[in-house]
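*Asks:* structure, please.
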Amino acid sequence: RARADGLAPVHSSLSLDAARRVADGVLERRRALGLMPLAVVVLDAGGRDVVVLREDGSGLLRCDIARGKANAGLAMGMSSRQIRDRLRDRPTFLGALSDASGGKFVPVPGGVLIVREDGVAIGAVGVSGDTSDKDEKVAIDAVNAVPGLGSVPAEPAEAWARSTLGPKDLPRVRII
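*Replies:* Numbering: from 1, shown residues only. Reported below is the predicted structural model:
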């Protein structure tokens, strides 16, 4: 029902409170696991930002990458890991998806769907800053910690803890 001034409230599929809990949960898990600084973007089902956080020391493009991971999941109705795995042998189609989305489609792990208890996607979280598998791990943990919400995928990649950013002797660079 419209208000007396003629304005009507607009429904969001994902509340600000739930989105904040997911985003804060990502950063809590990051600290607990000792990962690199992260950026987190939580989108509603329409692909609009609900929460955007970038930790000190996180690279300048990390929010854009995180948004692209979440957007890819919403665009295809599956996690960004599943997109990568399903389309690994279809580079032309992946390129077309990137073009169709205006470059807002990042098909690597770290984009996780946020679903209600009935399995309907109400948003997505994208995480960027460490390895894609570690980004996905903290996203899954954070979503599943919020009562009434679940993640797709429900579990991280089996070898997430062994994923690396490059050679073991690659120095960690901190951006200040």
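*Asks:* where along this protein do the strands fall?
*Replies:* Counting by DSSP state E, the chain has strands at residues 39-44, 49-54, 111-115, 121-128, 150-152.
*Asks:* elements contacting the third one?
*Replies:* For strand 111-115, the helices and strands in contact under the criterion 3 or more C-beta pairs under 8 Å, 6 or more residues apart in numbering; DSSP states H and E are helix 62-76, helix 80-86, strand 121-128, helix 132-144, strand 150-152. Placement of C-beta: from N, CA and C, glycine included.
*Asks:* mind doing that once more with 6 Å?
*Replies:* helix 62-76, strand 121-128, helix 132-144, strand 150-152 (3 or more C-beta pairs under 6 Å, 6 or more residues apart in numbering; DSSP states H and E).
*Asks:* quick one, the second one and helix 62-76 angle?
*Replies:* Think strand 121-128. Interaxial angle, strand 121-128 versus helix 62-76 (axes from the mean of the first three to the mean of the last three C-alpha atoms, to 10 degrees): 150 degrees.
*Asks:* in its sheet, which strands sit next to strand 121-128, and in what direction?
*Replies:* strand 39-44 (antiparallel), strand 111-115 (antiparallel) (DSSP bridges).
*Asks:* let's see it as CSV, backbone CA atoms only.
*Replies:* Output of strand 121-128 as CSV, limited to C-alpha atoms (Å, rounded to 0.1, in the frame of the first residue of the first chain):
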residue,chain,number,x,y,z
ALA,A,121,18.1,-17.7,-4.6
ILE,A,122,17.6,-14.3,-2.9
GLY,A,123,21.1,-12.9,-3.6
ALA,A,124,24.7,-13.7,-4.0
VAL,A,125,28.0,-12.9,-2.3
GLY,A,126,31.3,-12.4,-4.2
VAL,A,127,34.7,-12.5,-2.5
SER,A,128,38.1,-11.6,-3.9
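*Asks:* now do the contacts for I140.
*Replies:* V112, S151, P156 (C-beta atoms under 6 Å, 6 or more residues apart in numbering).
*Asks:* make it 8 Å
*Replies:* I140 makes contact with V112, S151, P153, A154, E155, P156 under the criterion C-beta atoms under 8 Å, 6 or more residues apart in numbering.
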